[in-house]
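**Student:** sequence-free structure coming up:
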């Protein structure tokens, strides 16, 4: 099983792509670099809680939606 960081990153990327957004679009709206978004989505870096909440807010997704997804796939 993949680690939780990888699962979170995959979910974020999936939600972003559903909206048709680029990583640069997300970075511009979160005030970070495109590289940071790439690292979060590819689990090369752990996303800080504040960034995760902001990313979910940008996606118009509740953090509970993410935790429900992780539970459904057996991450914890």
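**Tutor:** Cool, the structure landed. All values derive from a computational prediction rather than experimental measurement.

**Student:** what comes into contact with stretch 69-76?
**Tutor:** 1, 4, 7-8, 11 (C-beta atoms under 8 Å, 6 or more residues apart in numbering). In this view, the C-beta of every residue, glycine as well, is placed from N, C-alpha and C.

**Student:** which residues touch the residue nearest the centre of the chain?
**Tutor:** Central residue of the chain (C-alpha atoms, centre = their mean): residue 12, 2.9 Å from the mean position. Applying C-beta under 8 Å, 6+ apart to residue 12 gives the contacts 40-41, 47, 55, 59.

**Student:** show me where the chain has helices.
**Tutor:** 4-18, 23-30, 34-41, 49-58, 63-72 (DSSP state H).

**Student:** buried set for stretch 33-48?
**Tutor:** For stretch 33-48, burial by neighbour count (16 or more other C-beta atoms under 10 Å) applies to 36-41, 43, 47.

**Student:** before we move on, the earlier item: give me the distance between the residue nearest to the centre of the chain and residue 63.
**Tutor:** 12 Å (C-beta to C-beta, to the nearest Å).

**Student:** same thing with residue 29?
**Tutor:** Distance, residue 29 to residue 63, by C-beta to C-beta: 17 Å.

**Student:** same question for residue 10.
**Tutor:** Counting by C-beta to C-beta, the gap from residue 10 to residue 63 is 16 Å.

**Student:** which one's more surrounded, the two?
**Tutor:** Taking other C-beta atoms under 10 Å, residue 10 and residue 63 do not tie; residue 10 has more neighbours (16 against 13).

**Student:** what sits against the more buried one?
**Tutor:** By C-beta under 8 Å, 6+ apart, residue 10 lies in contact with 2, 41.

**Student:** need the pLDDT of it.
**Tutor:** Note on residue 10: pLDDT of 96.

**Student:** repeat that for the one 3 residues further on.
**Tutor:** pLDDT recorded at residue 13 is 98.

**Student:** settle this for me: it is touching residue 39, isn't it.
**Tutor:** No - contact criterion C-beta atoms under 8 Å: residue 13 and residue 39 do not qualify, at 11.6 Å.
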